[in-house]
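# Dropping a prediction and its sequence here:
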Amino acid sequence: MEINIKNHLLKDIKFLQSPNFDIRPKESSISLIVLHSISLPPTVFGNNYVEEFFLNELSISKDEYLNNIIDIKVSSHIYIKRTGEIIQFVPFDKRAWHAGESLYENIPNCNDYSIGIELEGCDDIVFENVQYIKLAEIINSLLAYYKDLSSKRIVSHSDIAPGRKSDPGPLFDWKRLKTMIK
């Protein structure tokens, strides 16, 4: 299946508008893709906590981890669940709040010029085959749509926030992804 982009949104993909975004600076262009992994609580999959987190809809829970992050405001452009379901939270032309304090090639504030893609997962569990397939389809569409993106400018969260972040982790198969990108 080919994934297309129209008006900075993936066509025929679930869109849940996160309130956690703002306008990109006028002088910045989309030139970087940042890959992340997330699971809430950590290492627990198959629930809707990530969606609720990006929408600021987490409720007080029996889980202390969730209670500790309930007031944090973050988002990502795209979230790919372990089932292969894709959810978009922020249009690509807007600045999602995914990178935090970050630096790439001596340029700070990666949120200004990047697209953030979250994979449901964690550092020490392998990702699902369908996640790689969907990720590659999305990246190929992004590379075709945004002229300043390049397959050489796809990085991990750990690359732009070393020592602070480790995702998507050592089990993410970069070689496999590179063979799937046109």
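Here it is on my side, so go on. Because the structure is predicted, anything quoted here is derived from the model rather than measured.
# C-alpha from now on. contacts and neighbour counts both.
Noted.
# To which secondary structure element is the most centrally placed residue in the chain assigned?
Centroid-nearest residue in the chain, with Cα atoms, centre = their mean: I117, separated by 1.9 Å. Assigned by DSSP states H and E, I117 falls within strand 114-120.
# immediately after that strand, which helix or strand?
Next along from strand 114-120, by DSSP H and E: helix 129-145.
# what's that following helix packed up against?
Packing partners of helix 129-145 (3 or more Cα pairs under 8 Å, 6 or more residues apart in numbering; DSSP states H and E): strand 5-6, strand 78-80, helix 174-180.
# from the chain's centre, how far out does the helix or strand following it sit?
Going down the chain from helix 129-145, the next helix or strand is strand 154-156, by DSSP H and E. Centroid separation for strand 154-156 versus its chain: 10 Å, with Cα atoms, centre = their mean, to the nearest Å.
# The residue of the chain positioned farthest from its centre and P41, how far apart?
Within the chain, K62 marks the point farthest from the mean C-alpha position, 26.8 Å out by Cα atoms, centre = their mean. In this view, K62 and P41 are 11 Å apart by Cα to Cα, to the nearest Å.
# thinking again about what came up before, just to check, the residue nearest to the centre of the chain is in contact with L32?
No: using Cα atoms under 8 Å, I117 is not in contact with L32, being 10.9 Å away.
# Can you get me a residue count around the residue nearest to V50 when sequence neighbours are not counted?
Among residues not flanking V50 along the chain, L40 sits closest, at 6.2 Å (Cα to Cα, 6 or more residues apart in numbering). By other Cα atoms under 10 Å, 21 other residues sit near L40.
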